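Asker: below is the sequence, then the predicted model.
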Amino acid sequence: MANFVLNIAKGRVVELFNRVDQNEPANSAIILIPLSTSDTEANCQDFASVEAFLGGTPNEQAEGWSRKVLTDADIAALAPDNTNNRGQAAIPATKWTAPTAGKNTTGLLIAYDADTTGGTDANLIPCEHLDFAVTADGNDVEINAGEVFRAT
């Protein structure tokens, strides 16, 4: 598979991360969704919701894994990188505790949720698919992705 930005989020990823960072709206968050099956950019780039994305070939790896919710407290303060003339979005080190052995991942879907108190997958905006191939063996898994998006 590959790392790619979905069409609905192209040009918006930094903005959506910034909305979470600024806590506007108050219950917004970035959601990390481990996938057991991924698909190509060509097949996934047109999905406009997480519901549609997961209704295609990609599947959420829910057994032994969980979605991670990143709020304003988790997102580093965003500021333009004027030295390198770009904007970027980053995720913090994130840990999954002892995913079930044999329940492997292929990718990680990064999504934006404007309202964690009432949103459903139909309301979540799929932003990016990242390669995240993990052979689960019962040990903790930690991702230290840092910057996951850069706009120049």
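Answerer: Perfect, I can see it now.
Asker: what comes up buried for stretch 75-85?
Answerer: 75, 78 (16 or more other CB atoms under 10 Å). (Each C-beta comes from the backbone N, C-alpha and C, glycine too.)
Asker: so for that stretch, what's the average pLDDT?
Answerer: Average pLDDT, stretch 75-85: 84.
Asker: residue boundaries of the helices in the chain?
Answerer: Assigned helices in the chain, in chain order: 13-21, 41-44, 50-55 (criterion: DSSP state H).
Asker: how much space between the closest residue to residue 90 other than its chain neighbours and residue 24?
Answerer: Spatially, and ignoring its direct neighbours in sequence, residue 90 is nearest to residue 147 (4.6 Å; CB to CB, 6 or more residues apart in numbering). Applying CB to CB, to the nearest Å, the value for residue 147 to residue 24 is 22 Å.
Asker: per-residue pLDDT, the residue most central in space within the chain?
Answerer: In the chain, the residue lying closest to the centroid (CA atoms, centre = their mean) is residue 110, at 1.2 Å. On the pLDDT scale, residue 110 is placed at 97.
Asker: and the closest residue to it other than its chain neighbours, what is it in contact with?
Answerer: Spatial nearest neighbour of residue 110, excluding adjacent residues (CB to CB, 6+ apart): residue 128 at 4.5 Å. Residue 128 is in contact with 3, 4, 5, 6, 9, 13, 109, 110, 148, 149, counting by CB atoms under 8 Å, 6 or more residues apart in numbering.
Asker: confidence score at the first one?
Answerer: When you say that, I think you mean residue 3. pLDDT, the model's per-residue confidence, is 94 for residue 3.
Asker: same check, this time on residue 146
Answerer: Predicted confidence (pLDDT) for residue 146: 85.
Asker: any low-confidence regions in the protein?
Answerer: Along the chain, the model assigns pLDDT under 70 to residues 1.
Asker: mind checking which of the helices of the chain is nearest residue 120?
Answerer: Closest approach to residue 120 among the helices of the chain (CB to CB): helix 50-55, 7.2 Å.
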